[in-house]
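[1] model the following, please.
(one chain, ligands or ions: 1)
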Amino acid sequence: MKFADAEKLLAGCGQEHVLEYWKKLSAKEREALLGQIAAIDPKSVKLCRASLGKGVTAAVDTSKGKAPKVAVLKGAALKKAIAAGEKEISSGRVAALLVAGGQGSRLGYEGPKGCYSIGPVTGAPLFYFHARKILAKSISYGASIPFYVMTSEANNDATVKCFEQNDYFGLNPDDVFFFTQGMWPALSSEGRIILDSPGHIFMSPDGHGGLLAALKRSGALEDMKKRGIKSVFFFQVDNPLVEIADPAFIGHHVLEKSEYSLKLCAKRDPFEKVGMPMLVGDSYRMVEYTEMTEEQCLRKKNGKLYYLYGSPAIHVFDRAFLAREAAKAMPLHLAFKKIPFVENGKTVKPDSPNGYKFEKFIFDILPNAKRTAFLAFDQKDEFSPVKNATGNDSPETCRADMRAKWVRMLEEAGVKVPASLPIEIDPVYASDAQELLKTGIMLEADV
Ligand code: UTP
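    Got it, this is the predicted structure:
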C-alpha cells in the first residue's frame, strides 16, 4: 500500500490521526504501518465505532427463558448413538476444529497457549494431548480426521513451529490445516484507533467467532467440503480432558439431524461463570452468566437447579451450517480494557481501562441453527481448563484432574496406582480401560 492510499483509507473511516507520527518513523516502521493499515477493513471500523456506547448485541430478556432439554444417554440409547458416531467417523465424515487464537492473558504465558507444558510426567504441551487423541481415533476407526487449527497473527508462526518440531505429534501433516483469524484495532471511547507506539496500531484477535470468516477466507471450509466432511467437532485449546470426536456425541448429533450440538455439564456451583443455553422465544441462545439474575441462578425444579447446565464450549457443527453462517455478519461484543497508548510520542501503560476491544463469539450463531441437540456429560471426565496461572482452573488443578482420570481408567482395568506415583498415558496407547487391557499395562514401578 502507498502512503496516499493509506491516507484515503483512513479518511474514509475518520482515522487520519493514525499517520500522526509518519514523519518521525524509520523506513522499516513506515512499511510495517502501511501493512497494518492495508489490513484494516474501514467498514468494520465504522461498525465498531457505531457500537460504542450502545453495544451491537441486543440485550436478551431472559425472564421468560426456558432451560433446554438435555439428553442423558444410557443403555440402548447410548449404544445407538455410539454406533451412529462410529459409522460417521469410520466413513471419514468427521473433522476436528480447534480454536487456538486467544491471547491467554489470564495464564500469562508467553507464546501460544497450546504450547504450554501440561503433561505431568513428560511435560508435553496442550497441543500434544489434542493431536494424539485425534491420531488415536483415526487409527481406531481406520479413517483420517482432518485437524483444522485456528491461530492468530500473533501466535501462528510459533504454533506451526511447535507442530513441526514435534513431527506433528504423529499426525500426517497433510491432515493438519492451520489458518489465522482476523485482528481488529481497538478504539478509544471517542472512537479513535489506538496506537501503542508511534508507528504501530494496537490490534487484538477478533474473538473465537472470528472462526467463521477465517474458515471461509482461508479455504478451510472448501477443504472440508472436498474431503467429504459432514460433522465438525469444535473444541478449545485449554482443556486437555476433552474427548475429541467422541462417538456418542457425534452419533447423537447425527441422529438428531442437528446443525449445532452442544455438550453440557452440571455447573459446579449455581453462579459458575459459564454460558448457559436457554430457549428464548422460539430459538436457543447462549446466555452469559452476567445476564442471569440471582433468582434465576438459584431457581429450583424437583430439587435441582432449573438452569443446571453450563456450556464448556464443546460443540459439533454441521459443515453446511458453518458455510451458511460464514456468509453472514456476526454481532460484536465490546470489552473495556487497559490498552497501551502513545502520548507525546511515548508509549504509556494505563492503570485503568481506556479502550475497547471488539470480539465475535461463536455461540452467537446458535439461534440460527434449524435443529439443535444438547448432551449431558460428567465434568470431571471431560472438562478442566487451564485459564488462570494459579487457583481455580489453573495448570495445577488441570494436572490433578488429568491424573484423577487416568487413575480411574487404571483402576477400572484392575490396577492399583500408588498415590506417590506420577502417571501419564499417551492417548494413542490407550484412551479407556478396555484399550489399556488390550494394549497391556506396565507401570514404571513394575519394571
Ligand atoms: P478464552 O475466552 O479463554 O480466551 O478463549 P483466551 O484468549 O484463551 O484467554 P484470556 O481470556 O486472554 O485469559 C477460549 C478459547 O477460544 C480461543 C482461545 O484460544 C481458547 O481456545 N480464542 C479466543 C480464539 O481462538 N480467538 C480469540 O480471539 C479468542
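[2] got the residues of the stretch 101-250 of the chain near the ligand?
    Residues of the stretch 101-250 of the chain lying close to the ligand by CB under 6 Å from any ligand atom are 101-106, 113, 150, 181, 205, 207-208, 210, 236-238. C-betas here are computed from N, CA, C, even on glycine.
[3] closest to the ligand among those residues?
    Nearest to the ligand, judged by CB to the nearest ligand atom, of these is Gly102 at 2.4 Å.
[4] surely the closest one is in a helix?
    No - with DSSP: H, G, I helix; E, B strand; the rest coil as the criterion, Gly102 is coil rather than part of a helix.
[5] let me know the pLDDT of it.
    If you check Gly102, the pLDDT there is 94.
[6] contact partners for it?
    The contact partners of Gly102, by CB atoms under 8 Å, 6 or more residues apart in numbering, come to Lys113, Ser152, Pro205, His208, Val237.
[7] now do the first one against Pro270, distance only.
    In this view, Lys113 and Pro270 are 28 Å apart by CB to CB, to the nearest Å.
[8] more neighbours: which of those two?
    Counted by other CB atoms under 10 Å, Lys113 and Pro270 do not tie: Lys113 has more neighbours, with 24 against 17.
[9] nearest spatial neighbour of the more buried one, skipping sequence neighbours?
    Gly104 (4.0 Å; CB to CB, 6 or more residues apart in numbering).
[10] ok, Asp246 next?
    Nearest non-adjacent residue to Asp246, counting by CB to CB, 6+ apart: Gly85, 7.2 Å away.
[11] and Leu421, how many residues sit next to it?
    Applying other CB under 10 Å, we find 12 residues neighbouring Leu421.
[12] can you tell me the SS state at it?
    In three-state terms, and counting by three-state DSSP, Leu421 is coil.
[13] model confidence for it, exactly?
    93.
[14] again, but for Leu332
    Reported pLDDT for Leu332: 90.
[15] so it sits right up against Arg49, yeah?
    No - counting by CB atoms under 8 Å, Leu332 stays clear of Arg49, with 10.9 Å between them.
[16] neighbour-wise, which of the two wins?
    Leu332 (23 against 18).
[17] tell me how far the more buried one lies from Cys297.
    Counting by CB to CB, the gap from Leu332 to Cys297 is 26 Å.
[18] list the buried residues in stretch 287-296.
    By 16 or more other CB atoms under 10 Å, the buried positions in stretch 287-296 come out as Val287, Glu288, Tyr289, Glu291, Met292, Gln296.
[19] out of those, which touch the ligand?
    Counting by CB under 6 Å from any ligand atom, no member of the buried residues of stretch 287-296 reaches the ligand.
[20] which pair of those residues spans the longest distance?
    Glu288 and Gln296 (12.2 Å; CB to CB).
[21] from the buried residues of stretch 287-296, which is closest to the ligand?
    Out of the buried residues of stretch 287-296, the member with the shortest distance to the ligand (by CB to the nearest ligand atom) is Glu288, at 11.9 Å.
[22] ok, for that closest one, nearest residue in space, not its chain neighbours?
    Closest to Glu288 by CB to CB, 6+ apart is Gly275, at 5.6 Å.
[23] now for Ser261: which residues touch it?
    Phe249, His252, His253, His315, Val316, Phe317, Thr372, Ala373, Phe374, Leu375.
[24] for it, helix, strand, or coil?
    Look at Ser261: counting by three-state DSSP, its state is strand.
[25] hmm, Lys360 and Cys48 touching each other?
    No - between Cys48 and Lys360 there is no contact under CB under 8 Å: 11.2 Å.
[26] overlap in contacts, those two.
    Common contacts of Cys48 and Lys360 (CB under 8 Å, 6+ apart): Leu332.
[27] what strand or helix carries the residue of the stretch 301-447 of the chain found nearest the ligand?
    Nearest residue of the stretch 301-447 of the chain to the ligand (CB to the nearest ligand atom) works out as Lys387 at 5.8 Å. For Lys387, there is no helix or strand it lies in under DSSP states H and E.
[28] what about it, neighbour count?
    Quick note: Lys387 (other CB under 10 Å) scores 19 neighbours.
[29] one more: the one 10 residues further on?
    By the measure other CB under 10 Å, the count of residues near Thr397 is 17.
[30] equivalent analysis for Phe129, please.
    So Phe129, with other CB under 10 Å, has 23 neighbours.
[31] quick revisit: which of the buried residues of stretch 287-296 fall within helices?
    Using DSSP state H, the members of these that fall within helices are Gln296.
[32] just the pLDDT at the nearest residue to Cys265 once chain neighbours are set aside, thanks.
    Nearest residue to Cys265, sequence neighbours excluded (CB to CB, 6+ apart): Gln379, at 4.0 Å. We have a pLDDT of 94 for Gln379.
[33] isn't Gln379 right up against Ala266?
    Yes - between Gln379 and Ala266 there is a contact under CB under 8 Å: 6.7 Å.
[34] is the ligand within reach of the longest helix along the chain?
    Using DSSP H, we find that the single longest helix of the chain is helix 395-412. No - Helix 395-412 does not reach the ligand (CB under 6 Å from any ligand atom); its nearest approach is 13.2 Å.
[35] how distant is that helix from the center of its chain?
    23 Å (CA atoms, centre = their mean, to the nearest Å).
[36] now do whatever helix or strand comes next after that helix: which elements does it pack against?
    As assigned by DSSP H and E, the chain's next helix or strand after helix 395-412 is helix 433-439. With contacts defined as 3 or more CB pairs under 8 Å, 6 or more residues apart in numbering; DSSP states H and E, helix 433-439 has these neighbours: helix 395-412.
[37] just the buried positions in the helix it packs on, please.
    So helix 395-412, judged by 16+ other CB under 10 Å, has buried residues Pro395, Thr397, Cys398, Arg399, Asp401, Met402, Arg403, Lys405, Trp406, Val407, Met409, Leu410.
[38] ok, the closest residue to the fourth one other than its chain neighbours - contacts?
    Closest residue in space to Arg399, ignoring its immediate chain neighbours: Pro120 at 4.8 Å, by CB to CB, 6+ apart. Neighbouring residues of Pro120 by CB under 8 Å, 6+ apart: Arg399, Met402, Arg403, Pro422, Ile423, Glu424.
[39] just for the chain, where's the confidence low?
    Along the chain, the model assigns pLDDT under 70 to residues 54-59, 441-447.
[40] can you do 50?
    Residues of the chain meeting the criterion pLDDT under 50: 445-447.
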